[in-house]
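Novice: Generate coordinates for the sequence data below:
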Amino acid sequence: MLISCAALLAALAVGADEMAVRPDGRHTAGALTLDAKGRLRFTPTGAGAPLPPDEVVSVRFPAAPIPENRPCYGVRVTLHDGQHIAGQLLALDDKTLSLRPAWAEKVEVPRAAVAAVTQLPGWRTVAAEDFRDGGKAWTVAGKPSFDAKDGTAMLGEKGQSLTYEPATPLDGGRAGVTFADTEAAGGRWTVEAEFGDGKPRRVVRVTVAGAGDAYEVDSGGLDGTPRRVERTAGPHRLLIQFTPRSLRVTVDDRALWHNLDAGPGAPLRRVRLACAADKGEVRGGVAFGEFFLARAVDEPRRPPGDATQDEVWRGDGDQLFGRVVRSDARGVEIDCGGKRTLAWPAVHGVWLRRDAAPPRTTDGAHARVAVRTCLSAEPDLLDGVVTALDDKSLSLKHALLGDVRLERARLHALRPSLYGRRVEVDNAFHHLGDPEAFAPQLQPPRAEGPALKRTFALDAVPDEARLVLEVAQLKGPNETASRATVYLNGERLDDLNRHVEKAVSEPRRLALPLPKGRLRKGENVLELRLTPSPETRRVEPCGVGGIAVELPR
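Specialist: So this is what the prediction gives:
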């Protein structure tokens, strides 16, 4: 029997149980563990035996207070296999991309594995600032102290303030700032958002330090739902998200105040950080750090590009092709017949030409893990082998990032993919077809030929094995098209067309069983051949990549 929505929400609310999603759509409450053999097990609440592995499609984790969120603003880094991570871009050069996600101080990804670096979905950066330059983008009152090393501005006297005014008011968007209370007392430290087309204007004021032990929100006369959140030591992140018809204020993703039916009714004009007198002598202060302002947008459709070159897609719609020399949190430098530098607010994103990452072999409990992040409503997606799991954290051996430790409170979902060995055969993307033909939608646009041959080695013949690969521009079996046939050790195995219902334009993952009788110990030969369509007598192009052999156990 299917669990009701009310029961599911109630189970999630108590925060004690995780939920296994079954193949038939049922949800079962319980707990995910890793056994002594390194296999993921889900045990239903009140049951002694775990569910069989094929009865668990995915596991959803209950919402929980998230530990420290590190960056305030950032980008999304997408890998060629669909993994993606949101974070602050530290550096991109010829070999490596360095990123500061919410769940780690720093991760490094080989450039060859990176497909794109884009603005966060649904948002376009207007400003991304810290105070290393002494607040040049701000109107300064009083004499705040600036720390060029840490990038912070300390407000420690009444009358000190910093005001930021965007060049164009924002009808919908979000403003965020990090702050740390350094034993502030005797004053009132606020973050203010001012909305309006004329005067008077509505001011939403959030008290982040001062009298009392909880954050306070003055909504400027708007009705809404406040929630008590006690102030604590350490760095925090305040976020004000708004449209003309809604307003939401959070600290570290914990709601302070919200109204999803009525908002400020006018665009955002300015953001102000201030210290005012309250009771007694002002002592200590508040250090404000990273600040960002983003505009809410509908995601545009990216135009076709040139797969042989890097691309910077500008905010005005123009595309620049060439070689991306470097990038960081400030902007992007591209050599397109001459070097040009663009700030992130001026671009949609960067797309890098696809280079092949070296093949790897991994063993254990493979899974795709969705990780909550403060930067985006969509969780990060990471693929790897789960090596440890307890009530505090999950450890993931990632092929590119190395050993990654994730607090369990950050986990959103986990989808098991394989318990066993995964042998990567070829991570490049290949264009198969007539070498005389040109297909700009594939990379490279000129075909390598109608066949691709690769080898892989096995220590022994496994009882079960499957071939996984990416295909693109492949037509279904009932369409007039070339046939893409897989051969294993010289014998025909299967037609890939049989596994798609209609034309596949975007890369799609397929899995084909490899019969035990066709495999052999030692070297095995895998070949993919395109044969002409009987109707057109032409070899039509097809893209193939990400080839691997999986050996479940």
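Novice: Mind listing the residues bridging to residue 193?
Specialist: residue 204, residue 271 (DSSP bridges).
Novice: residues touching it, list them.
Specialist: 175, 203, 204, 240, 242, 268, 270, 271 (C-beta atoms under 8 Å, 6 or more residues apart in numbering). The C-beta positions use only the backbone N, C-alpha and C, and glycine is treated the same way.
Novice: Just read off the phi/psi values of the closest residue in space to residue 500 that isn't next to it in sequence.
Specialist: Spatial nearest neighbour of residue 500, chain neighbours left out: residue 476 (5.0 Å); criterion: C-beta to C-beta, 6 or more residues apart in numbering. With angles defined as degrees, to the nearest 10, residue 476 sits at phi -70, psi 170.
Novice: Distance of residue 476 relative to residue 483?
Specialist: Per C-beta to C-beta, to the nearest Å, residue 476 is found 11 Å from residue 483.
Novice: joint contacts of these two?
Specialist: residue 497.
Novice: and the contacts of residue 193, which are buried?
Specialist: 175, 203, 204, 240, 242, 268, 270, 271 (16 or more other C-beta atoms under 10 Å).
Novice: and of those, the nearest to residue 339?
Specialist: Closest to residue 339 out of the buried ones among the contacts of residue 193 is residue 175 (32.7 Å), distances taken as C-beta to C-beta.
Novice: buried set for stretch 310-328?
Specialist: Within stretch 310-328, the residues scored as buried using 16+ other C-beta under 10 Å are 310, 311, 312, 313, 315, 319, 320, 321, 322, 324, 325, 327.
Novice: got the CA positions of it in CSV?
Specialist: Coordinates of each C-alpha in stretch 310-328 appear next as CSV, following Å, rounded to 0.1, in the frame of the first residue of the first chain:
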residue,chain,number,x,y,z
ASP,A,310,35.9,27.1,-25.7
GLU,A,311,33.0,29.5,-25.4
VAL,A,312,32.0,32.4,-23.3
TRP,A,313,28.3,33.2,-23.7
ARG,A,314,27.8,36.9,-22.9
GLY,A,315,24.7,38.3,-21.1
ASP,A,316,23.8,40.2,-24.3
GLY,A,317,23.5,36.9,-26.2
ASP,A,318,26.8,37.1,-28.1
GLN,A,319,29.1,34.1,-28.1
LEU,A,320,32.9,34.4,-28.0
PHE,A,321,34.9,31.4,-29.2
GLY,A,322,38.5,30.7,-28.6
ARG,A,323,40.6,29.5,-25.6
VAL,A,324,39.5,30.3,-22.1
VAL,A,325,42.9,31.4,-20.5
ARG,A,326,41.8,31.7,-16.9
SER,A,327,38.9,32.5,-14.7
ASP,A,328,38.1,33.2,-11.0
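Novice: Give me the contacts around that stretch.
Specialist: Residues external to stretch 310-328 that are found in contact with it (C-beta under 8 Å, 6+ apart): 89-93, 117, 124, 300, 302-303, 305-306, 309, 332-337, 339-340, 342, 345-353.
Novice: and that stretch, how far from the chain's centre?
Specialist: Stretch 310-328 has its average C-alpha position 20 Å from the chain's average C-alpha position, going by C-alpha atoms, centre = their mean, to the nearest Å.
Novice: contacting residues for residue 548?
Specialist: Contacts were defined as C-beta under 8 Å, 6+ apart; by that measure residue 548 touches 422, 423, 424, 425, 467, 468, 469.
Novice: Tell me how many other residues crowd residue 285.
Specialist: With neighbours defined by other C-beta atoms under 10 Å, the count for residue 285 comes to 24.
Novice: Am I right that it is in a strand?
Specialist: Yes: assessed with DSSP: H, G, I helix; E, B strand; the rest coil, residue 285 lies in a strand.
Novice: ok, back up a step: so for residue 476 and residue 483, which sits in the more crowded spot?
Specialist: Neighbour count, other C-beta under 10 Å: between residue 476 and residue 483, residue 483 has more, with 19 against 14.
Novice: Compute the distance between that one and residue 324, please.
Specialist: Distance from residue 483 to residue 324, by C-beta to C-beta: 38 Å.
Novice: what do you get for residue 538?
Specialist: Computed as C-beta to C-beta, the residue 538 to residue 324 distance reads 36 Å.
Novice: ditto for residue 339
Specialist: For residue 339 relative to residue 324 (C-beta to C-beta), the value is 11 Å.
Novice: so what's in contact with these two at the same time?
Specialist: Contact with both residue 339 and residue 324 is made by residues residue 333, according to C-beta under 8 Å, 6+ apart.
Novice: What residue, apart from its backbone neighbours, is nearest the residue lying farthest from the centre of the chain spatially?
Specialist: The C-alpha centroid of the chain is most remote from residue 280, which lies 46.3 Å away (C-alpha atoms, centre = their mean). Spatially, and ignoring its direct neighbours in sequence, residue 280 is nearest to residue 186 (4.2 Å; C-beta to C-beta, 6+ apart).
Novice: do the same with residue 392
Specialist: Using C-beta to C-beta, 6+ apart, the nearest residue to residue 392 is residue 408, at 5.9 Å.
Novice: pretty sure that neighbour is touching residue 414, no?
Specialist: No: between residue 408 and residue 414 there is no contact under C-beta atoms under 8 Å: 10.7 Å.
Novice: Tell me which of these two has more neighbours.
Specialist: Here residue 408 and residue 414 are set side by side on neighbour count (other C-beta under 10 Å), and the busier one is residue 414, at 25 against 16.
Novice: Which element, helix or strand, includes the more buried one?
Specialist: In the assignment (DSSP states H and E), residue 414 maps to strand 411-432.
Novice: Tell me which other helices or strands that strand touches.
Specialist: On a contact count with 3 or more C-beta pairs under 8 Å, 6 or more residues apart in numbering; DSSP states H and E, strand 411-432 meets strand 40-44, strand 58-60, strand 361-371, strand 451-458, strand 522-531, strand 542-552.
Novice: Could you pull up the mean pLDDT of the third one?
Specialist: For strand 361-371, the per-residue pLDDT values average out at 96.
Novice: Please tell me I have it right and residue 132 contacts residue 290.
Specialist: No: contact criterion C-beta under 8 Å: residue 132 and residue 290 do not qualify, at 10.5 Å.
Novice: Common neighbours of these two, please.
Specialist: By C-beta under 8 Å, 6+ apart, the residues touching both residue 132 and residue 290 are residue 151.
Novice: who's more crowded, the two?
Specialist: Set side by side, residue 132 and residue 290 give different neighbour counts by other C-beta under 10 Å, the larger being at residue 290 (23 against 14).
Novice: How about that one: what's its closest non-neighbour residue?
Specialist: With C-beta to C-beta, 6+ apart, the residue lying closest to residue 290 is residue 72, at 3.7 Å.
Novice: can you check residue 71 too?
Specialist: The shortest distance from residue 71 to any non-neighbouring residue, by C-beta to C-beta, 6+ apart, is to residue 88 (3.8 Å).
Novice: Would you mark the buried spots in the helix or strand containing that neighbour?
Specialist: Here residue 88, judged by DSSP H and E, is contained in strand 84-92. Under the neighbour-count criterion of 16+ other C-beta under 10 Å, strand 84-92 has 84, 85, 86, 87, 88, 89, 90, 92 buried.
Novice: how about the helices and strands packed on strand 411-432 in a markdown table, adding distance to residue 378?
Specialist: Shown next, in a markdown table, are these (distance: least, C-beta to C-beta, whole Å):
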| stretch | distance to residue 378 |
| --- | --- |
| strand 40-44 | 23 |
| strand 58-60 | 15 |
| strand 361-371 | 9 |
| strand 451-458 | 34 |
| strand 522-531 | 34 |
| strand 542-552 | 22 |
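Novice: Okay, now the unreliable bits of the stretch 401-550 of the chain?
Specialist: The stretch 401-550 of the chain contains residues with pLDDT under 70 at 478-481, 502-505.
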